[in-house]
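# Could you work out the structure for the sequence below:
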Amino acid sequence: QVHVVESGGGLVQAGDSLRLSCAASGRTFSPYDMGWFRAAPGKERAFVARIKWSDGSTYYTDSVKGRFTISRDNAKNTVYLQMNSLKPEDTGVYYCAAKSAAGTYGYWGQGTQVTVSS
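Below is the predicted model of the structure:
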């Protein structure tokens, strides 16, 4: 069984920064890819960023490019999302996801709330 646990959410003002962390654990789990998604109020969950474990390649949704940075700690099976210049539209529940092979994400965290006030 794989456990995915996020942390680091909170209430900040526009222009502030936050760093989210996500650890994936399981006796034999080895990440292929981990990512972040967010569910804005009244909207469906949507992709934010992801990182491939093999070579560190990163991918972002257009609205966060230049402001958010995803990174990983291989030894800890942990992924981070550094969020700078936060905007009110970044508000939402941020979910971490992990997969051990190509395909859909099979493991999800419970989510962490990020609220950006104007």
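# what sits against the residue nearest in space to the middle of the chain?
Nearest to the mean C-alpha position of the chain, by CA atoms, centre = their mean, lies Trp36 at 2.7 Å. Shown in contact with Trp36 (CB atoms under 8 Å, 6 or more residues apart in numbering): Leu20, Cys22, Val48, Ala49, Arg50, Ile70, Val79, Leu81, Tyr94, Tyr95, Cys96, Ala97. To be clear about C-beta, it is placed using only N, CA and C from the backbone, and glycine gets the same treatment.
# ok, and the closest non-adjacent residue to it?
Val48 (4.4 Å; CB to CB, 6 or more residues apart in numbering).
# burial of the one you found, as a residue count?
If you count neighbours by other CB atoms under 10 Å, Val48 ends up with 23.
# coming back round to it: and which of the contacts of Trp36 is nearest Ser118?
Distance to Ser118 across the contacts of Trp36 (CB to CB) is lowest for Tyr94, with 18.9 Å.
# The residue nearest to Trp36 and Tyr94 touch, don't they?
Yes: contact criterion CB atoms under 8 Å: Val48 and Tyr94 qualify, at 7.3 Å.
# any residues in contact with both of these two?
Joint contacts of Val48 and Tyr94 (CB under 8 Å, 6+ apart) are Trp36, Phe37, Arg38, Leu81.
# Nearest residue to the third one in space, ignoring adjacent ones along the chain?
Distances taken as CB to CB, 6+ apart place Gly92 nearest to Arg38, at 4.1 Å, with adjacent residues excluded.
# Now do the helices in the chain.
With helices called from DSSP state H, the chain shows none.
# give me every residue that touches the residue nearest to Arg38.
Arg38, Ala39, Ala40, Pro41, Lys43, Gln113, Val114.
# Any idea what it is bridged to?
Val114 (DSSP bridges).
# Can you spell out which residues form a bridge with the nearest residue to Arg45 once chain neighbours are set aside?
Closest residue to Arg45 apart from its sequence neighbours, by CB to CB, 6+ apart: Ala39 at 4.3 Å. Per DSSP bridges, the residues bridged to Ala39 are Arg45, Val93.
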